[in-house]
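[1] Quick check, what structure comes out for this input:
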Amino acid sequence: MSARPVVRADVDVLVVGGGPTGLLAACELLRRGVRVRIVDRAEEPMTVPKALSLWPRAMDILEDLGVGEELRRSSNRIDAFSYFSDGRPLATFGFAEDLASRTLPQPVTESLLTARLHELGGKVERGVRLLCLDGVGFSGRIDATDGVTALLEHTDGTLERTHVPWVIGADGAGSSVRGQLGIGFQGSTYEMAFALIDTRIEGELPTNRVLYYQAPSGTLVIVPMPDGVFRFLSVMPAGGGEVTVPMMQRILDERGPRGVRITEPVWQTVFRVHARHATDFQRGRVFLMGDAAHVHSPAGGQGMNNGLQDAHNLAWKLAAVVHGTSPADLLLSYGPERAEATRRIVRDTDLQTRAWMAGSRPKVVARDAAFRLLDRTGLVSRLYAPVMAGRRLAYRPERDSQVPSGRRGCGRRALRPGSVFPRPLAVEHGMSGPGADPNAWTLAVTGPDVLAAVEQFADGYPRLTVVRLRKERAAPLTGCRRAGYHLIRPDGHVAAHGHAGDLDRLRTELAVAFTPVAPD
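    Numbering: from 1, shown residues only. Now for the predicted structure:
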């Protein structure tokens with residue numbers, strides 16, 4: 001085993017982990033002009049179809065990256081979740097087209113992201129394992145150090161010491177990066193194990209809806225996948241052991257639809273469900289994302305989506321700091337924003353998982369009554385479906401200058417700062433989409449007087465684009481009918497909203513977002 005001396009890398013960011021989250025982080029950084037190196041300890045790409053679901057907000061992100069069309073072509077759309085109790089129909093929750101999820105095996109998602117990575121000039125270095133991180137700043141200040149030294153081991157036993165300005169840990173639930181930082185992974189593990197088989201079938205099953213067959217002995221979940229494959233997921237029967245086709249067929253015959261036979265299994269496994277998250281998502285110049293930062297129940301299929309949104313949140317901030325257009329303190333918002341989103345997802349998926357596990361008669365009766373009520377009122381499709389789709393994701397404002405000085409004139413359901421700006425408006429005005437500038441902030445303005453006022457000082461911010469919105473078009477989507485502005489971050493979230501009398505607040509927010517430009 002030989003060791004090389006420490007070399008100052010000619011890259012800006014080292015990404016550890018070549019799964020969906022690490023791949024997206026690398027792609028997002030590369031398309032923003034940041035030099036990236038991505039390594040993974042596995043010598044070959046993943047072949048097992050672990051994560052399946054892609055929800056609309058994640059699809060928006062992938063659309064902007066330029067892989068959305070291929071993802072839609074390769075995936076399977078899910079239009080509804082249908083629930084049964086003791087074999088009898090209980091409730092069906094439908095999804096409008098813009099809220100529907102898609103199923104796609106993880107290796108296909110990774111393959112499409114890897115192809116995009118190559119188009120952007122990157123590659124995954126496989127068989128490279130992180131052994132150690134030196135020089136991590138534990139003071140909480142970004143500028144306490146100028147980088148981190150990573151000790152990497154290659155497949156031939158060679159040790160490489162490389163000094164990089166920034167490190168991203170996207171290396172899974174057993175994250176070496178998280179271990180090197182000494183960050184805790186708090187939470188719990190469900191008592192029971194789950195059995196899973198992906199298989200072709202004989203018989204008829206819908207290809208556009210997920211089926212939940214609930215019984216006192218446990219829930220059987222059936223998820224349609226592309227190419228005629230279905231996923232069967234159930235609580236492992238008492239006695240444990242290995243998952244087998246006869247065992248899953250018995251569960252299917254006891255709880256599921258009649259006349260369906262498992263014929264050609266393509267993958268099977270037994271796993272335990274954890275609900276854990278890192279106590280911190282950042283230490284100095286090192287960041288955690290994806291399963292390295294959080295793991296939770298597969299209920300609702302939110303896991304990979306949460307990791308992709310981690311990558312999207314961090315990449316634009318890191319690029320802005322690397323390019324010097326934003327102050328380094330901008331990066332301090334990554335951990336709080338993504339931790340808040342993760343807590344909500346862990347809470348929601350825990351509730352769904354416990355509904356699967358209702359075993360006593362009183363719990364079953366209470367659960368079934370709740371599902372019938374939700375079905376009758378349409379509350380899930382109307383209110384919760386947008387949450388699952390990622391349309392209601394909002395980061396909590398930190399400063400008074402992010403919100404209007406008065407709410408008069410804004411509707412009760414007005415878009416609040418921290419929310420994602422409405423996708424239709426963003427695409428119409430070039431803020432989002434494959435051809436949009438991924439580094440640009442947007443100041444979306446309604447009202448000629450506000451437009452004239454902001455144009456007087458907006459030129460001082462090179463990364464800021466001003467667009468005028470028609471009030472009659474924007475108001476139904478934003479919920480605000482007053483002349484004013486929305487300051488929109490490169491990731492599509494609203495950084496600040498205000499009205500005609502709030503331009504001083506806007507100047508405050510621009511000073512937070514941008515590094516002052518020195519006069520010529």
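[2] next one: stretch 58-68 to chain centre, how far?
    Relative to its parent chain, stretch 58-68 has a centroid offset of 12 Å by CA atoms, centre = their mean, to the nearest Å.
[3] So which bits of it are buried?
    Residues 58-68 are the ones in stretch 58-68 that count as buried (16 or more other CB atoms under 10 Å). (C-beta placed from N, C-alpha, C; glycine too.)
[4] Quick check: the farthest pair among the residues you listed?
    58 and 66 (14.5 Å; CB to CB).
[5] just the helices in the stretch 101-250 of the chain please.
    For the stretch 101-250 of the chain, the helices defined by DSSP state H, counting those that start in this stretch cover 106-119, 176-181, 245-255.
[6] longest helix of this protein?
    helix 334-356 (DSSP state H).
[7] for it, packing partners?
    Using 3 or more CB pairs under 8 Å, 6 or more residues apart in numbering; DSSP states H and E as the contact test, the elements touching helix 334-356 are strand 209-215, strand 218-224, strand 261-278, strand 294-295, helix 303-322.
[8] May I see the buried residues of the next helix or strand after it?
    Scanning forward in sequence from helix 334-356 by DSSP states H and E, the next helix or strand is helix 361-377. Of the residues in helix 361-377, those buried by neighbour count under the rule 16+ other CB under 10 Å are 364, 367-368, 371, 374-375.
[9] And the residues you listed, which is closest to residue 254?
    Proximity of the buried residues of helix 361-377 to residue 254 (CB to CB) peaks at residue 364, which lies at 15.8 Å.
[10] can you tell me how far that closest one sits from residue 86?
    8 Å (CB to CB, to the nearest Å).
[11] quick one: common contacting residues for these two?
    residue 214 (CB atoms under 8 Å, 6 or more residues apart in numbering).
[12] Let's see stretch 257-273 as CSV, backbone CA atoms only.
    Provided in CSV are the C-alpha atoms of stretch 257-273 (Å, rounded to 0.1, in the frame of the first residue of the first chain):
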residue,chain,number,x,y,z
PRO,A,257,-57.1,-9.7,-5.1
ARG,A,258,-58.1,-13.0,-6.4
GLY,A,259,-56.6,-14.7,-9.5
VAL,A,260,-53.1,-13.1,-9.3
ARG,A,261,-50.1,-15.4,-9.4
ILE,A,262,-46.4,-14.5,-8.9
THR,A,263,-44.5,-15.9,-11.9
GLU,A,264,-41.1,-14.3,-12.5
PRO,A,265,-39.5,-12.6,-9.5
VAL,A,266,-36.8,-10.1,-10.5
TRP,A,267,-35.8,-9.0,-7.0
GLN,A,268,-36.6,-10.0,-3.4
THR,A,269,-35.4,-8.8,0.0
VAL,A,270,-36.2,-8.5,3.7
PHE,A,271,-35.6,-5.1,5.3
ARG,A,272,-36.3,-3.1,8.5
VAL,A,273,-37.7,0.4,8.4
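[13] now that stretch, how far from the centre of its chain.
    For stretch 257-273, the distance to the chain centre is 27 Å (CA atoms, centre = their mean).
[14] Would you mark the buried spots in it?
    Buried residues in stretch 257-273, counted by 16+ other CB under 10 Å: 257, 260, 262, 265, 268, 273.
[15] and which of those residues is nearest residue 181?
    Closest to residue 181 out of the buried residues of stretch 257-273 is residue 273 (24.9 Å), distances taken as CB to CB.
[16] so that closest one makes contact with residue 303?
    No. The criterion here is CB atoms under 8 Å, and residue 273 misses it with residue 303 at 10.6 Å.
[17] tell me, what's touching these two both at once?
    Jointly contacting residue 273 and residue 303 under the rule CB under 8 Å, 6+ apart are residue 296.
[18] Output stretch 6-16 as CSV, restricted to C-alpha atoms.
    Extracted in CSV, the C-alpha atoms of stretch 6-16 (Å, rounded to 0.1, in the frame of the first residue of the first chain):
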residue,chain,number,x,y,z
VAL,A,6,-1.4,15.8,0.0
VAL,A,7,-2.4,17.4,-3.3
ARG,A,8,-4.5,20.6,-3.5
ALA,A,9,-7.3,19.4,-5.8
ASP,A,10,-8.2,21.3,-9.0
VAL,A,11,-11.9,20.9,-8.2
ASP,A,12,-14.2,23.0,-6.0
VAL,A,13,-16.4,20.2,-4.5
LEU,A,14,-15.8,16.5,-3.7
VAL,A,15,-19.0,14.5,-3.7
VAL,A,16,-18.8,11.2,-1.8
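[19] average pLDDT across that stretch?
    The average pLDDT for stretch 6-16 rounds to 87.
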